[in-house]
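Colleague: model this:
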Amino acid sequence: MASRISLRLFFSLCYLALVFLAAGYLHYRLRSFEGVILIPKGKAEHVAVRPSAGGLGSLGVQRNLPAGVIAFDNPECIRYLGDTDLFDVTQLPFRLRLDEITLIEERAPREILDVMFPKNTVAYEARPGMRIDLGDGAEATIAAIRPWVGIIRSPHGQPMAVLSCRRPGGGWGDPAFLNTDAWLTPDPDTAIRLRWFNGEQAAHAHAAGPAPGIETARWGVEDGPAMHWLESFTPGSGAILSDETAVTLVQYEEKHAEPAGVHPAIEVQLERQGKGQRHWVLANRTTSGVPVHFEFPALSENVILVDAWRDGAAILAAYHQGSACGHELVEEGKTWRPAEAFPFELRLDQALAAALALPDTQGAIQEALLQTPTGELRLREGAAVQWEELRLRYRKEPVPPRVSYTLTAVPPEGKPRAFTLNPGQTRAYGAWRFRQDTEHADAARTALLIARRTVGSRNELLGALLFVVGATGLTVLRLRRPRRRSG
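Modeller: Residues are numbered from 1 along each chain as shown. Here you go, the predicted structure:
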């Protein structure tokens, strides 16, 4: 008889345990909630949200609501919720106010180099000297991370190009910023000119032609701190200076004989108060006592022409001591070595039909300099560059600052309670637990807190314990009570 009672008691207690576990699990699912609450500095919020998902819902939770219809205290925080379409929403029984944000540490962004293969992307933390796997046994090395200088596309800009030069075995010099139809002389022996055309045929025709002539030269007159430049070589052209001196071009001679040899020169007349003097001014030379200059960059020992008609490419033509050293269509980022007589290797960094120059950004924009099996590659921050069958991109990934929040929980009735929430800490108020989302990029202006409603408060645990004890005791008493025999 006793064994039968013990067996019945055992199965009854097992049944009660299963019922208690099922009830506890159901209670946990119905009562628990974990989402986020967004609070701008100086404001309060009482709405917590989480992305909607299938399955069993929770008590006091509205499900599958678009962000635009949620009754936030601060609707401007919607932009931090990302691309999720629908949310589950619950309301805290108090408002949480963000009183103060204290900056603990401002952290530098992560520098990332993405290697984008046709089917996947591999991200590397970019550091000078690091080797990058380009697939099929090919490797690249990050030679440097440095401030970027270049041109940016702008509807209000003009045709521009950026060209770099280096002598064989040497390093690349500073980039040359070129404006259309204007000479740039990076050193006394070298002149560079950008010419922009309406089509490819015109660009090829000019690139294959002779070196530029007098049509690209100019002459000018000093007038105190100012300079009057003229591009006309028609006799009689000139200028009147502020002291009423009249400067007039008399003639241009392509081959003017001088003791040192034959040179292009202009003859000018300076006349003031009826008295005039004539002077010969040689190209690219200074004549003592004469305030006239004659610039003829096309006569430089090394002449480079950049002929373009579209973004991203140009025909480079080189001349050395007046002799053509070849021409080549070069894409952005590619290099060209003219004939051996020419002393430079050339690299077209950029070419844009409408651009503005950023020659000195003070490090605001960076670039990664990559040494690849096919040569040097410049990766401007945020831009992707094609290399063989893959694309390379250098970017910066913001790292949220470390901050400390001073918060106040304000119940509808009762005394508010203030507390501090540091990274990695959890703070509780009532049934709610809060901690920082340390990946929130705008942490210095808005708090993004992970809010979790816990199950198992002291009152709930006490009630559950009394229920378990009572149910178990009642079951034991019923099984232990002897049965009355009939008759």
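Colleague: is the closest residue in space to residue 77 that isn't next to it in sequence in a bridge, and if so with what?
Modeller: Closest residue to residue 77 apart from its sequence neighbours, by C-beta to C-beta, 6 or more residues apart in numbering: residue 38 at 3.8 Å. Any C-beta I mention is one placed from the backbone N, CA and C, and that applies to glycine too. Note on residue 38: beta-bridge partners by DSSP bridges are residue 448.
Colleague: same check, this time on residue 271
Modeller: Applying DSSP bridges, one finds that residue 271 bridges with residue 246, residue 276.
Colleague: That one and residue 220: what is the separation?
Modeller: Distance of residue 271 to residue 220, given as C-beta to C-beta, to the nearest Å: 18 Å.
Colleague: okay but the residue nearest to residue 77 is in contact with residue 80, surely?
Modeller: Yes. The pair residue 38 / residue 80 is scored as a contact, 5.6 Å apart, by C-beta atoms under 8 Å.
Colleague: Tell me where the model's unsure across the stretch 51-200 of the chain.
Modeller: 54-60, 83 (pLDDT under 70).
Colleague: State the distance from the residue nearest to residue 77 to residue 32.
Modeller: From residue 38 to residue 32 the distance is 21 Å (C-beta to C-beta).
Colleague: and the two? which has more neighbours close in?
Modeller: More neighbours surround residue 38 than the other of residue 38 and residue 32, with 26 against 15 (other C-beta atoms under 10 Å).
Colleague: The more buried one and residue 454, how far apart?
Modeller: Distance check for residue 38 against residue 454: by C-beta to C-beta, it reads 21 Å.
Colleague: same question, residue 275
Modeller: 102 Å.
Colleague: more crowded one of the two?
Modeller: residue 454 (16 against 7).
Colleague: For residue 200, grab the count of nearby residues.
Modeller: 15.
Colleague: wait, isn't it in contact with residue 309?
Modeller: Yes. In terms of C-beta under 8 Å, residue 200 counts as a neighbour of residue 309; the distance is 5.5 Å.
Colleague: In the record's domain split, what are the boundaries for this protein?
Modeller: Domains of the chain are assigned by automatic domain parsing as 33-105+401-454, 110-148+361-397, 152-356.
Colleague: ok so, going back, list the contacts for the residue nearest to residue 77?
Modeller: 45, 72, 74, 77, 80-81, 446-449 (C-beta atoms under 8 Å, 6 or more residues apart in numbering).
Colleague: hmm, try it at 6 Å
Modeller: Neighbouring residues of residue 38 by C-beta atoms under 6 Å, 6 or more residues apart in numbering: 77, 80, 448.
Colleague: can I assume the first one sits in a strand?
Modeller: So that's residue 77. No. Assessed with DSSP: H, G, I helix; E, B strand; the rest coil, residue 77 is helix; it does not lie in a strand.
Colleague: Could you check how far residue 255 is from residue 265?
Modeller: 9 Å.
Colleague: Between these two, point out the one with more neighbours.
Modeller: More neighbours surround residue 265 than the other of residue 255 and residue 265, with 23 against 9 (other C-beta under 10 Å).
Colleague: what's the nearest residue to the more buried one if we skip its chain neighbours?
Modeller: residue 256 is the one closest to residue 265 (C-beta to C-beta, 6+ apart), at 3.7 Å.
Colleague: what does residue 143 give?
Modeller: Closest to residue 143 by C-beta to C-beta, 6+ apart is residue 369, at 4.5 Å.
Colleague: Tell me the confidence at the one you found?
Modeller: Reading off the confidence values, residue 369 has pLDDT 89.
Colleague: pretty sure it contacts residue 145?
Modeller: No. Using C-beta atoms under 6 Å as the test, residue 369 is too far from residue 145 to be in contact (7.4 Å).
Colleague: Any idea how many residues pack against residue 427?
Modeller: Neighbours of residue 427 using other C-beta under 10 Å come to 18.
Colleague: Provide a list of residues in contact with it.
Modeller: 419, 421, 434.
Colleague: Quick one, grab the pLDDT at it.
Modeller: At residue 427, pLDDT is 93.
Colleague: Next, the buried residues of the helix or strand harbouring it.
Modeller: Residue 427 belongs to strand 426-429 when assigned by DSSP states H and E. Judged by neighbour count (16 or more other C-beta atoms under 10 Å), strand 426-429 contains these buried residues: 427, 429.
Colleague: Just checking: what are the partner strands of it?
Modeller: Sheet pairing for strand 426-429, using DSSP bridges, gives strand 432-436 (antiparallel).
Colleague: who touches both of residue 200 and residue 309?
Modeller: What both residue 200 and residue 309 touch, as defined by C-beta under 6 Å, 6+ apart, is an empty set.
Colleague: hang on, the earlier thing: return the members of the contacts of residue 38 classed as buried.
Modeller: 77, 448.
Colleague: export stretch 189-205 as PDB, just CAs?
Modeller: The C-alpha trace of stretch 189-205 is given here as PDB (Å, rounded to 0.1, in the frame of the first residue of the first chain):
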ATOM      1  CA  ASP A 189      63.100  73.100 -67.300                       C
ATOM      2  CA  THR A 190      59.500  71.600 -67.500                       C
ATOM      3  CA  ALA A 191      56.200  72.900 -68.700                       C
ATOM      4  CA  ILE A 192      52.800  71.100 -68.600                       C
ATOM      5  CA  ARG A 193      49.600  72.100 -70.300                       C
ATOM      6  CA  LEU A 194      46.000  70.700 -70.200                       C
ATOM      7  CA  ARG A 195      44.000  70.900 -73.400                       C
ATOM      8  CA  TRP A 196      40.300  69.900 -73.400                       C
ATOM      9  CA  PHE A 197      38.600  68.900 -76.600                       C
ATOM     10  CA  ASN A 198      35.000  68.100 -77.700                       C
ATOM     11  CA  GLY A 199      35.800  64.600 -78.900                       C
ATOM     12  CA  GLU A 200      38.400  61.800 -79.100                       C
ATOM     13  CA  GLN A 201      39.200  62.500 -82.700                       C
ATOM     14  CA  ALA A 202      40.200  66.100 -82.100                       C
ATOM     15  CA  ALA A 203      42.300  65.100 -79.100                       C
ATOM     16  CA  HIS A 204      44.200  62.400 -81.100                       C
ATOM     17  CA  ALA A 205      44.800  64.800 -83.900                       C
END
